[in-house]
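1. with the sequence up front, the predicted model follows.
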Amino acid sequence: MSDATHIDDVIAGCAALAAAGLSDMVWGHPSVRDNAGRGVWMKAAGYGFEEIDANHVVLVSWGGEVLVGTGRRHIEYPIHAQPYLARPDVHAVVHTHAPALAAFASLDVPLQPLSHDGVPFTHPQLPRLTSVTGSLIATAELGEDVATALGSANAILLPSHGAVTVGPDIATAVMYSVLLERACRTQLDALAAGGAKIWTDAAETAFKRDQVWNPTQLHAGFDYLVRSAGRTRAFA
């Protein structure tokens, strides 16, 4: 995979997150693993998702040095680097700060599959980070805490902070961020109305994971978001 392909994936990921309403001014970031093993491709600090083009993507080494690009790196690059180092199967990571994520994580109740959106994160239940509360993941040690708590899951809630999602490609990691935010928001709505009484059981959740959220469906949703942002993917 070329540098241009990595850059295009980051641009597309940012565009999709913006279209899904997951922007937090200039904070939050998607990344892709550098296939040559040099580190992490991610958006430069100081820009919002909707602003990202090839001039605002950097390659950051595992130790935090900017190897390619002229922008500054985000302070929370370890939130990407450490899951990659721990999980060879992960090729994309997304960190977002949607309010519904922090609100739901603060309740310390299980996420339930009240809609299709919750299916990828239940049975088994997605983890929460418990070693710190709300701190920026700015050191390798804190990044390792995230990676350890994440384990083999596809997402983790960060109380008082947001969430991290991972996947085999940028489309999957972004869609997991979109779906997790929607699942948390749906359950918050249900709790505000008195609490949910009905949700999908474990057997049907497993079935729906393959039927509703197979790779083809995840990529279709991602490509729709990229189109909605007025972008095209040069390296689909």
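-> Great, that's in hand.
2. burial measure for residue 230, as a count.
-> 9 (other CB atoms under 10 Å). From N, CA and C alone the C-beta is placed, and that goes for glycine too.
3. tell me how far it lies from residue 217.
-> 23 Å (CB to CB, to the nearest Å).
4. the residue nearest to residue 182 when sequence neighbours are not counted: what secondary structure?
-> Nearest residue to residue 182 in three dimensions, chain neighbours excluded: residue 117, at 4.1 Å (CB to CB, 6 or more residues apart in numbering). Following DSSP: H, G, I helix; E, B strand; the rest coil, residue 117 is assigned to helix.
5. burial of residue 117, as a residue count?
-> Counted with other CB under 10 Å, residue 117 comes out at 21.
6. ok, it touching residue 183?
-> Yes. At 4.1 Å, residue 117 and residue 183 qualify as touching, with contact defined as CB atoms under 8 Å.
7. show me the contacts for the residue nearest to residue 182.
-> Taking CB atoms under 8 Å, 6 or more residues apart in numbering, we find residue 117 in contact with 179-180, 182-183, 186.
8. for the chain, which segments are assigned as strands?
-> For the chain, applying DSSP state E gives strands covering 29-33, 39-43, 57-61, 66-68, 92-96, 155-158, 162-167.
9. same list, those, but as TSV with mean neighbour count please.
-> Below are these laid out as TSV (neighbours: other CB atoms under 10 Å):
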stretch	mean neighbour count
strand 29-33	28
strand 39-43	28
strand 57-61	22
strand 66-68	15
strand 92-96	28
strand 155-158	23
strand 162-167	27
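10. okay, these in CSV with mean pLDDT and distance to residue 135 next?
-> Shown next, in CSV, are those (pLDDT from 0 to 100; distance: least, CB to CB, whole Å):
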stretch, mean pLDDT, distance to residue 135
strand 29-33, 98, 17
strand 39-43, 98, 20
strand 57-61, 98, 20
strand 66-68, 98, 23
strand 92-96, 98, 13
strand 155-158, 97, 9
strand 162-167, 97, 12
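11. with distance to residue 142 added, can I get the ones you listed in TSV?
-> Listed next are the strands of the chain as TSV, based on distance: least, CB to CB, whole Å:
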stretch	distance to residue 142
strand 29-33	16
strand 39-43	16
strand 57-61	16
strand 66-68	20
strand 92-96	12
strand 155-158	10
strand 162-167	12
